[in-house]
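Colleague: Requesting a structural model of the entry that follows:
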Amino acid sequence: STRIGKRHAFFLSIGVSIIGYGLKWVCYNPDLPWLVVVPAPLMAFGLGGLFTLVPSMVADVVDADELKTRERREGMFGSIFWWTVKLGLSAALAGSGYLLNATGFDVDLGGNQTERTIFLLRLCDAGIPMLTSAIAIWAVATFPITEEKAREVREELEQRRGRA
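Modeller: Reported below is the predicted structural model:
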């Protein structure tokens with residue numbers, strides 16, 4: 001991110017994870033079980049970028065807030081970030097049961113689910129993370145604090161209170 005910027009690094013890491021999610025469609029194949037390992041590092045790349053870059057972007061928000069309000073509120077913004085992460089995890093967990101029912105999954109059938117159910121399960125498994133990752137890219141792309149803006153804010157704060 002120091003070379004290409006936080007936003008571009010975020011777009012790259014999440015873009016790589018979208019490729020990984022898409023590969024689940026072809027790599028989760030019972031005839032070639034070893035292919036299951038191919039998407040995992042690509043998906044992990046996106047998660048690593050997400051949990052490294054977003055807190056750094058939150059720090060830019062904290063700086064912009066301090067410039068505007070003259071108060072330093074890292075704790076508040078950090079807690080909102082982690083609350084949002086936990087909310088997303090909870091929604092995913094709650095939604096997974098609904099999605100299982102919506103796909104027609106029948107526990108009594110075990111590994112002999114209908115072709116439609118398998119298709120819908122695969123569609124949800126690959127499609128939902130791809131869609132939500134694309135939404136994350138859109139959210140960061142439309143976020144008003146750019147690298148240049150963050151640098152300007154930081155310089156103005158350093159002039160106001162001195163370098164830390």
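
Colleague: Distance-wise, check Pro30 relative to Ile118.
Modeller: 10 Å (CB to CB, to the nearest Å). All C-beta spots, glycine's among them, are computed from the backbone N, C-alpha and C.

Colleague: Between the two, which is the more surrounded one?
Modeller: Ile118 (14 against 7; other CB atoms under 10 Å).

Colleague: Tell me the helices and strands packed up against the helix or strand that the more buried one is a member of.
Modeller: Per DSSP states H and E, Ile118 falls inside helix 115-141. Contact here means 3 or more CB pairs under 8 Å, 6 or more residues apart in numbering; DSSP states H and E; on that basis helix 115-141 packs against helix 6-27, helix 39-69, helix 74-103.

Colleague: How about that helix, which residues are buried there?
Modeller: Within helix 115-141, the residues that qualify as buried by neighbour count (16 or more other CB atoms under 10 Å) are 117, 120-121, 124, 126, 129-130, 133, 136, 140.

Colleague: Enumerate the positions of the helix or strand following that helix that are buried.
Modeller: Later in the chain than helix 115-141, the nearest helix or strand by DSSP H and E is helix 147-161. For helix 147-161, the neighbour count (16+ other CB under 10 Å) marks 150, 153-154, 157 as buried.
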